[in-house]
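Asker: Structural data only, the sequence is not supplied:
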C-alpha cells in the first residue's frame, strides 16, 4: 500500500508516519534523506548542495518504491504534491493522508522549530489546499 502524507511544514507528518510504519516498511522523507547526506546536519534548513542531492535521491527512491507497493507499505512524505505527482500516486492506489493541526499551530511550530523561510512554504500549502480539486483528494483522510 502507498500512503502519501501531505501537510504544511511542522504539521507532524513525520510523527504521523513514525506512529504507524512498521519495521520493513519503506519511508521516504526528504528531511531524513538530507540529514543522512552529511554529519551534524540540522533536521531542516539544509545547504543548497545537500538539498539538490536529497531531491534527486528522493525522486529515485520514489520511482523505485512505486514498483513495490503491492509487497510492502510505502510511506511517502510529500508536503505539496503537484497534480502530476498526485495522478501518479493515484495510479498506485495511494491513500492520501493530510496532516494539518491548523494554521495557528503550524505557524507557532515554525516560529519555534524551523527557519523563517518555512512560513512562505506553509502559506503556499494553505493557499493550495483551499483550491485543491485533484481526483486523489477525494480519497484523502485528514488528521
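Answerer: Sure, I can see it. This one's a predicted model, so the numbers in the text were calculated from it and none came from an experiment. Residues are numbered from 1 along each chain as shown.

Asker: So for the helix or strand harbouring residue 110, mean pLDDT?
Answerer: When elements are defined using DSSP states H and E, residue 110 is found to belong to helix 103-113. Per-residue pLDDT values over helix 103-113 give a mean of 96.

Asker: Would you mind identifying the next helix or strand past it?
Answerer: For helix 103-113, the succeeding helix or strand toward the C-terminus, using DSSP H and E, is helix 117-131.

Asker: what pLDDT, on average, does that following helix get?
Answerer: Mean predicted confidence for helix 117-131 is 90.

Asker: And that helix, what's buried?
Answerer: Within helix 117-131, the residues that qualify as buried by neighbour count (16 or more other Cβ atoms under 10 Å) are 118, 119, 121, 122, 125, 128. Heads up, the C-betas are built off the backbone N, CA and C, glycines and all.

Asker: what about residue 79, neighbour count?
Answerer: One way to gauge burial is a neighbour count; for residue 79, by other Cβ atoms under 10 Å, it gives 17.

Asker: Also residue 44?
Answerer: Per other Cβ under 10 Å, the neighbour tally for residue 44 reads 17.

Asker: quick one: it from residue 89, how far?
Answerer: For residue 44, the distance to residue 89 equals 24 Å [Cβ to Cβ, to the nearest Å].

Asker: Going along the chain, name the helices of this protein.
Answerer: Listed from the start of the chain, the chain has helices (DSSP state H) covering 13-18, 30-36, 48-65, 83-91, 103-113, 117-131.

Asker: before we move on, back to that, any chance of a markdown table for the buried residues of helix 117-131, columns distance to residue 39?
Answerer: Compiled in a markdown table, the buried residues of helix 117-131 are given as follows (distance: Cβ to Cβ, whole Å):
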| residue | distance to residue 39 |
| --- | --- |
| 118 | 23 |
| 119 | 28 |
| 121 | 26 |
| 122 | 29 |
| 125 | 30 |
| 128 | 35 |
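
Asker: Grab the nearest non-local neighbour of residue 115.
Answerer: Nearest non-adjacent residue to residue 115, counting by Cβ to Cβ, 6 or more residues apart in numbering: residue 45, 4.2 Å away.

Asker: Look up how far residue 9 lies from that neighbour.
Answerer: On the measure of Cβ to Cβ, residue 45 and residue 9 end up 11 Å apart.
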